[in-house]
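*Asks:* mind looking at a prediction? Sequence and model below.
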Amino acid sequence: MGFGSMSHWIVILIIVILLFGAKKLPELAKGVGKSIKTFKKEMADDADIKTITQDEKSEQKIEEISEKKA
């Protein structure tokens, strides 16, 4: 029996409801959703920055090679 069985998830859900209460769960889910959305946005921005940085490095190398040839 692995951790992924349905009975384990039901027990975890019951514990979470007891700890936080049914009224707090939608607020928690909303907060988690916002956090995930922000994280994905920052990861995409970081990837864009890395791409720009790599492009700038490539341009610098091309300029260096051009200067050496001249």
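*Replies:* Good, I have the coordinates.
*Asks:* can you give me the helices for the chain?
*Replies:* With DSSP state H as the criterion, the chain has helices at 6-20, 25-69.
*Asks:* save those helices as a markdown table, and put in mean pLDDT too.
*Replies:* Formatted as a markdown table, those follow (pLDDT from 0 to 100):
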| stretch | mean pLDDT |
| --- | --- |
| helix 6-20 | 87 |
| helix 25-69 | 79 |
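*Asks:* turn the ones you listed into TSV, including mean neighbour count.
*Replies:* For glycine as for every other residue, the C-beta is placed from the backbone atoms N, C-alpha and C. Shown next, in TSV, are the helices of the chain (neighbours: other Cβ atoms under 10 Å):
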stretch	mean neighbour count
helix 6-20	10
helix 25-69	10
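*Asks:* please save the CA atoms from stretch 12-20 in PDB.
*Replies:* What follows is stretch 12-20, C-alpha atoms only, in PDB (Å, rounded to 0.1, in the frame of the first residue of the first chain):
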ATOM      1  CA  ILE A  12      -5.600  13.700   5.400                       C
ATOM      2  CA  LEU A  13      -8.600  15.700   4.100                       C
ATOM      3  CA  ILE A  14     -10.400  15.100   7.400                       C
ATOM      4  CA  ILE A  15      -7.400  16.200   9.400                       C
ATOM      5  CA  VAL A  16      -7.000  19.400   7.400                       C
ATOM      6  CA  ILE A  17     -10.700  20.200   7.800                       C
ATOM      7  CA  LEU A  18     -10.400  19.700  11.600                       C
ATOM      8  CA  LEU A  19      -7.300  21.800  11.800                       C
ATOM      9  CA  PHE A  20      -8.300  24.700   9.700                       C
END
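*Asks:* how much space separates Thr38 from Ala22?
*Replies:* 26 Å (Cβ to Cβ, to the nearest Å).
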